[in-house]
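Asks: Generate a structure from the sequence data that follows.
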Amino acid sequence: MLADIRESHCGLLPDSQLPAMLAVQQQRDRRMTEALLAAPQPSVLLAGAFHVRKDLGVPLYLADLSAQAGNAVLILAEVGRAVDASMADYV
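Replies: Sure thing, here's the model as predicted:
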């Protein structure tokens, strides 16, 4: 995930900042998960691709909180970026 953070910031972040950026990413995902679970159902989360990826983001926290049933992930993929079934249900 650190490599993804580095790449998404065009390689401009110093390596010393990467662990803090990872912590920020994880905390945002956790808070978005909590907000999604607190919202009236059904609900939709609109967020960036890294936040909604099944293998990295909010879906992992939903599973951690035993709330993964009935969720689907749609990613709007960037040109040149590969997306597979481990990342999203729909592209």
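
Asks: Could I get the full set of strands for the protein?
Replies: Counting by DSSP state E, the chain has no strands at all.

Asks: centroid residue for it?
Replies: Nearest residue to the geometric centre of the chain (C-alpha atoms, centre = their mean): residue 51, 1.9 Å.

Asks: roughly how far apart are the nearest residue to that residue once chain neighbours are set aside and residue 88?
Replies: Of all residues not flanking residue 51 in the chain, residue 57 sits nearest, at 4.5 Å (C-beta to C-beta, 6 or more residues apart in numbering). Quick note: C-beta positions are derived from backbone N, CA and C, even for glycine. Residue 57 sits at a distance of 10 Å from residue 88 (criterion: C-beta to C-beta, to the nearest Å).

Asks: cool, residue 82 as well?
Replies: As defined by C-beta to C-beta, residue 82 lies at a distance of 11 Å from residue 88.

Asks: out of those two, which sits in the busier spot?
Replies: With neighbours defined as other C-beta atoms under 10 Å, residue 82 and residue 88 compare such that residue 88 has more, 20 against 8.

Asks: so what pLDDT did residue 68 get?
Replies: In the prediction, the pLDDT value recorded for residue 68 is 67.

Asks: I meant to write residue 19 there.
Replies: Residue 19 carries a pLDDT value of 87.

Asks: What sits closest to it if chain neighbours are left out?
Replies: Leaving out its chain neighbours, residue 19 is closest to residue 2 (C-beta to C-beta, 6+ apart), at 7.6 Å.

Asks: neighbours of the one you found, just the number please.
Replies: As a measure of burial, residue 2 has 13 neighbours, counting by other C-beta under 10 Å.

Asks: do the same with residue 74
Replies: In terms of burial, residue 74 registers 12 neighbours under the definition other C-beta under 10 Å.
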